[in-house]
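**Q** no letters, just coordinates:
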């Protein structure tokens, strides 16, 4: 799955890892892969994005049916 469009677009503030030129990197998708390319020195490589991280464990986990395991905790007793 690609993240960028097939139309090359410049990334503002990006620095080339080879020649360190500022604002000369453009990104685009081709053949189902994402690439970045420096128009100053010709550097080009494929971008690899990390996969989706699993959800962190919390005290309250939602179930598929919309309910949760949350419990009401009463810290102070109710005043009459």
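**A** In hand now; what should we look at? Predicted model, so just to flag it, every value in this text is computed and none were measured.
**Q** for residue 30, list the residues it contacts.
**A** residue 6 (Cβ atoms under 8 Å, 6 or more residues apart in numbering). From N, CA and C alone the C-beta is placed, and that goes for glycine too.
**Q** look up phi and psi at it.
**A** phi -150, psi 130 (degrees, to the nearest 10).
**Q** just list whatever residues bridge to it.
**A** Beta bridges link residue 30 to residue 33, judged by DSSP bridges.
**Q** tell me the spacing between it and residue 8.
**A** 9 Å (Cβ to Cβ, to the nearest Å).
**Q** again, but for residue 21
**A** 16 Å.
**Q** what of residue 77?
**A** On the measure of Cβ to Cβ, residue 77 and residue 8 end up 67 Å apart.
**Q** now swap in residue 16 and tell me
**A** With Cβ to Cβ as the criterion, residue 16 and residue 8 are 15 Å apart.
**Q** compare the two (neighbour count), which wins?
**A** Legend: neighbour count by other Cβ atoms under 10 Å for residue 16 and residue 8, higher for residue 16 (19 against 15).
**Q** ok, now which ones touch the more buried one?
**A** 24, 25, 38, 40, 41, 43 are the contacts of residue 16 under Cβ under 8 Å, 6+ apart.
**Q** what do you get if the cut-off is 10 Å, keeping everything else the same?
**A** Shown in contact with residue 16 (Cβ atoms under 10 Å, 6 or more residues apart in numbering): 22, 23, 24, 25, 36, 37, 38, 39, 40, 41, 42, 43.
**Q** now do residue 45
**A** 17, 18, 34, 35, 36, 37, 38.
**Q** among these, which are in strands?
**A** Judged by DSSP state E, the subset of those located in strands is 34, 35, 36, 37, 38.
**Q** how about the nearest residue to residue 18 once chain neighbours are set aside, what does it touch?
**A** Excluding the flanking residues, the one nearest residue 18 by Cβ to Cβ, 6 or more residues apart in numbering is residue 43, at 4.2 Å. Taking Cβ under 10 Å, 6+ apart, we find residue 43 in contact with 16, 17, 18, 19, 21, 24, 25, 36, 37.
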